[in-house]
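Visitor: what's the 3D shape of this:
(one chain, ligands or ions: 1)
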Amino acid sequence: MQPRLQVHNLQSPLAGPYSFELAAGQCITISGPSGSGKSLLLRMLCDLDPNTGEVLLDGAPRSCISAPAWRAQVVYQPAEPAWWLPTAGAHFKPGQVPRVHALLPQLNLSPALLEQDVSRLSTGERQRMALIRSLACEPKVLLLDEPTAALDPESVAATEALLRKEVRNGLSLLLVTHSATQAKALGSRRMTMRERQLSEDTP
Ligand SMILES: Nc1ncnc2c1ncn2[C@@H]1O[C@H](COP(=O)(O)OP(=O)(O)OP(=O)(O)O)[C@@H](O)[C@H]1O
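Guide: The predicted structure follows:
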């Protein structure tokens, strides 16, 4: 079967080259020391930083897809997601609202938080709300940078359960995590970044 995402010699003056494939309904985790290049890789995949090489989605080269169309299907959630409107709820399109309301209880979030000023949400609430924002786009590929860094154990468990379910339903997930437990729990393949070089972990 054709991989969902194919990455061939993706590189920039700062990092790479990287080559790997991600299937539909697969989670690959990337761990590694701080500053090793994990976020640089995610940013290149999303085409936020200049890069060369080839990235294909369901066989279609990224060079044939407009940047907004690419970023609608390959969604990047940085470690510290930006908010550009006063409330979290204002970030959602009307068509996304049913899905948002289905996702909120799965992350133990009250719908009332949608109306609150984003700056008044706790760090953990903002982090979970950011994941809902990413999933509400129904991406084919989700690039997640440390999505549970600010969460208590209960919220970590809820987030991992939701991600496992989304992957089971076909989402392709590239997950950057510092947690070996999380990498083992979610990753069907696990990789490590060291000095901007990516290697596959041995099982
Ligand atoms: N635009 C840039 N120009 C020059 N150096 C950069 C640029 N962006 C990032 N770097 C450097 O590249 C290195 C890798 O950064 P990156 O953010 O990918 O690390 P990381 O592995 O995600 O780390 P962490 O786990 O702390 O998030 C860092 O040393 C960083 O300072």
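Visitor: in this structure, which segments are predicted with low confidence?
Guide: 203 (pLDDT under 70).
Visitor: Alongside the ligand, which residues does it contribute?
Guide: For the chain, the contact set with the ligand under CB under 6 Å from any ligand atom comprises 14, 34-40, 79, 193. Heads up, the C-betas are built off the backbone N, CA and C, glycines and all.
Visitor: Please enumerate the strands of this protein.
Guide: Ranges of strands in the chain, per DSSP state E, are 5-11, 18-22, 27-31, 52-57, 60-61, 74-77, 141-145, 172-176, 189-194, 197-200.
Visitor: now those in JSON lines, with mean neighbour count?
Guide: Listed next are those as JSON lines, based on neighbours: other CB atoms under 10 Å:
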{"stretch": "strand 5-11", "mean neighbour count": "19"}
{"stretch": "strand 18-22", "mean neighbour count": "18"}
{"stretch": "strand 27-31", "mean neighbour count": "24"}
{"stretch": "strand 52-57", "mean neighbour count": "18"}
{"stretch": "strand 60-61", "mean neighbour count": "12"}
{"stretch": "strand 74-77", "mean neighbour count": "22"}
{"stretch": "strand 141-145", "mean neighbour count": "23"}
{"stretch": "strand 172-176", "mean neighbour count": "24"}
{"stretch": "strand 189-194", "mean neighbour count": "18"}
{"stretch": "strand 197-200", "mean neighbour count": "14"}
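Visitor: Do I have it right that residue 31 meets residue 190?
Guide: Yes - shown here, residue 31 and residue 190 form a contact pair, counting by CB atoms under 8 Å, at 7.1 Å.
Visitor: intersection of neighbour lists for those two?
Guide: Common neighbours of residue 31 and residue 190 (criterion: CB atoms under 8 Å, 6 or more residues apart in numbering): residue 183.
Visitor: returning to what we had before: neighbour-wise, give me the winner out of the residues of the chain next to the ligand.
Guide: residue 38 (26 neighbours; other CB atoms under 10 Å).
Visitor: That one: what's it in contact with?
Guide: Residue 38 makes contact with 30, 32, 145, 176, 193, according to CB under 8 Å, 6+ apart.
Visitor: hmm, try it at 7 Å
Guide: Applying CB atoms under 7 Å, 6 or more residues apart in numbering to residue 38 gives the contacts 30, 32, 176, 193.
Visitor: what does residue 104 give?
Guide: Counting by CB under 7 Å, 6+ apart, residue 104 has contacts 111, 132.
Visitor: For residue 193, see how far away it is.
Guide: Going from residue 104 to residue 193 by CB to CB, to the nearest Å gives 33 Å.
Visitor: Residue 77 now?
Guide: Distance from residue 77 to residue 193, by CB to CB: 18 Å.
Visitor: Residue 42 contacts residue 141, correct?
Guide: No - using CB atoms under 7 Å, residue 42 makes no contact with residue 141, being 10.6 Å away.
Visitor: Residues in contact with both of those two, list them for me.
Guide: Counting by CB under 7 Å, 6+ apart, no residue touches both residue 42 and residue 141.
Visitor: and the residue nearest to residue 22 when sequence neighbours are not counted, what does it touch?
Guide: With sequence-adjacent residues excluded and distances taken as CB to CB, 6 or more residues apart in numbering, residue 22 is closest to residue 5, at 4.2 Å. The neighbourhood of residue 5, defined by CB under 7 Å, 6+ apart, consists of 21-22, 55, 57, 141, 172.
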